[in-house]
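> Sharing a model prediction with you, sequence too.
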Amino acid sequence: MDIDIDEFTSQDTQASISKKHKHIEEALVKDIGNSTSLAGSKSGAVNSENCSSLNSDLSYHDDNDGDGEVDDGNDVDDVSDYDDNDDYMFDDNGNNDDDDYLKKMQDQFDNVDLPPGVEASISWLKEPVPHANVPASMSTSSQSNTMGLPTGVRMSVSLFPDLENSINKAAGASSSTVSADLSSDGKEEEEKDDVLRKYELFKRFDTVDDFSDHHFCHVGFSGQQPPKNWTKKIQEEWKILEKDLPDTIYVRIYETRMDLLRAIIVGPAGTPYHDGLFVFDVLFPPNYPDIPPMVYYYSGGLRLNPNLYDCGKVCLSLLNTWTGKTNEMWMPKTSTMLQVLVSIQALILNDKPFFNEPGYEKMYGGPEGEKKSTAYNEEVFILSLKTMVYTMRRPPKHFEDLVAGHFLLHAHDILSACKAYMEGAQVGSVAKGSVQNASEVGKSCSMDFKQAVAKMINGLVANFCKNGSKDCEQFRLPS
């Protein structure tokens, strides 16, 4: 909105406001939301010896910046870099923290996407604008007294061309602002509908081309022709996946690299992983199926399960990365990739991951074990929230539409669950934003957990809003 402030301010005041206005414009045009693809970590193989030993004593990762990424060592408490490629630093409220001035502006203009050439409306720069039906002349006792006119004598604005010009400009500017607001709202709704449409059309199984960010892109059959019997087996695996994948598992295979596969598994309801997205890269080795596939988990540096290491290792009997009974191990003639994915979802991402730790089921029986399991779930949920942010900010290649649509659709449910957990509901007892069993309320009483959730709320709200959700601000907590 162009504002002619010559008629309203002195030259000094005009210069001051213009300087601030320019400052705002420069800040607003910066890109504060470039999504980057999730780069495949190359730090060691799946069975790397650098993986830490199993440890169920999770922490709340207070050294993290609250956005799902491990802190780089610079101790800036409660401040997260909203994007690696910009200069904005946001606190837990999602506000710009450069100075008080831009912080106020960020609150007003967060998530506004105006068309090119349309300036944002700045409320404290606008003079009061008359109603659209304001007459060409006006009469007030106060104006008559000010101008020295007798009471009852009407003052025509046309007698003061500068004032009339200012009013006309202000009215025109107001109209432009309303049009811009409507245009922005319409555009946001259109973009939201487009995201949801792409999400609904997203295939559970599909073939893609680019494998450049895959964790195993530099190993396997790269540049080599695989044997025919191996190719036939992989094609059989594809047919099984395409036919029988559950609704909560998504797979992408690569046209030019049959030995690679990427999967996203949705965290099951009733577990501390609910509503999360968990990313896995798979390699079918040259001697497959004599040996099981190799699986890498994108952890974001977070250890949220005894079987999922922060270095990417996946511990599972079916993968021969952990001990088990004969029928639990990989069997070349009968085991499949579908079984691997379903086992990860059901056996690893379960409702009581504390007992995934070897020996804990026998060691911690009865009330003591349940208490430790509950505390573990609370810690896991915090790490799952951070993984959500990590995945939103770095969606894996070819899954961008899934990630955007999933969190746009489930943002309100996730925040409602956070609110319920802060009020005492047990982790995992909330589904679709509602507590499923009233008897579970009051069982999660850890003050540390409630404070950890509270610390995450505003960052989640900011990221969900940035992703297109419009019903999340009600969950924002006071600074």
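Okay, I see it.

> neighbours around K192, how many?
K192 has 17 neighbouring residues, counting by other C-beta atoms under 10 Å. No exception for glycine: its C-beta is placed from N, CA and C like everyone else's.

> For it, report the pLDDT, please.
If you check K192, the pLDDT there is 85.

> Name the nearest residue to it, sequence neighbours excluded.
Nearest residue to K192, sequence neighbours excluded (C-beta to C-beta, 6 or more residues apart in numbering): G468, at 5.1 Å.

> Figure out the helix or strand that Y250 lives in.
Taking DSSP states H and E as the definition, one finds Y250 inside strand 249-254.

> Tell me the strands beside that strand, with direction?
Using DSSP bridges, the strands paired with strand 249-254 are strand 205-208 (parallel), strand 257-266 (antiparallel).

> hang on, the earlier thing: isn't the residue nearest to K192 right up against L408?
Yes. G468 lies in contact with L408 (C-beta atoms under 8 Å); the separation is 5.0 Å.

> separation between Y421 and T207?
Between Y421 and T207 the distance is 40 Å, computed by C-beta to C-beta, to the nearest Å.

> For these two, indicate the residue with more neighbours.
Y421 (25 against 14).

> mind checking the SS state of the more buried one?
The three-state label given to Y421 by DSSP: H, G, I helix; E, B strand; the rest coil is helix.

> repeat for the one 5 residues further on
Look at Q426: counting by three-state DSSP, its state is coil.

> how much space between it and S373?
If you go by C-beta to C-beta, the gap between Q426 and S373 works out to 11 Å.

> Next: I253.
Using C-beta to C-beta, I253 is found at 37 Å from S373.

> The two - which one has more neighbours?
More crowded of I253 and S373, by other C-beta under 10 Å: I253, with 22 against 19.

> Run through the bridge partners of that one.
For I253, the beta-bridge partners are T207, L261 (DSSP bridges).

> mind starting the numbering at 103 from now?
Sure, I'll start numbering at 103, so the last one becomes I355.

> List the residues that contact it.
By C-beta atoms under 8 Å, 6 or more residues apart in numbering, the contact set of I355 is 307-310, 340, 362-363.

> Do you have the helices of the stretch 303-452 of the chain handy? List them.
In the stretch 303-452 of the chain, the segments counted as helices under DSSP state H, counting those that start in this stretch are 330-346, 439-445.

> And whichever helix or strand comes after the last one, what does it pack against?
In the C-terminal direction, the helix or strand that comes right after helix 439-445 (DSSP H and E) is helix 462-465. Under the contact criterion of 3 or more C-beta pairs under 8 Å, 6 or more residues apart in numbering; DSSP states H and E, the helices and strands touching helix 462-465 comprise helix 468-495.

> And V353, how far from F501?
10 Å.

> Mutual contacts of the two, please.
Counting by C-beta under 8 Å, 6+ apart, the contacts common to V353 and F501 are R364.

> Which residue lies closest in space to M490, excluding its sequence neighbours?
Sequence neighbours aside, G378 is the residue nearest to M490 in space, at 5.6 Å (criterion: C-beta to C-beta, 6+ apart).

> Could you check the pLDDT of that neighbour?
pLDDT, G378: 98.

> again with K534
pLDDT, K534: 81.

> give the contact list for it.
If a contact means C-beta under 8 Å, 6+ apart, then K534 has D515 as its contacts.

> List phi and psi for it.
phi 50, psi 40 (degrees, to the nearest 10).

> Check the spacing between it and Q447 real quick.
Per C-beta to C-beta, K534 is found 19 Å from Q447.

> ditto for S536
From S536 to Q447 the distance is 23 Å (C-beta to C-beta).

> Show the model's pLDDT score for the residue nearest to D308 when sequence neighbours are not counted.
Spatial nearest neighbour of D308, chain neighbours left out: R354 (5.9 Å); criterion: C-beta to C-beta, 6+ apart. Here, the pLDDT recorded for R354 equals 98.

> Where does pLDDT dip in the chain?
103-287, 324, 539-547 (pLDDT under 70).

> got the domain boundaries for it?
With domains defined by automatic domain parsing, the chain comprises 113-162+176-232+260-303, 307-577.

> hang on, isn't M490 packed against F566?
No. When contacts are counted by C-beta under 8 Å, M490 is not listed as touching F566 (9.2 Å).

> shared neighbours of those two, anything?
Common neighbours of M490 and F566 (C-beta under 8 Å, 6+ apart) are 509, 516.
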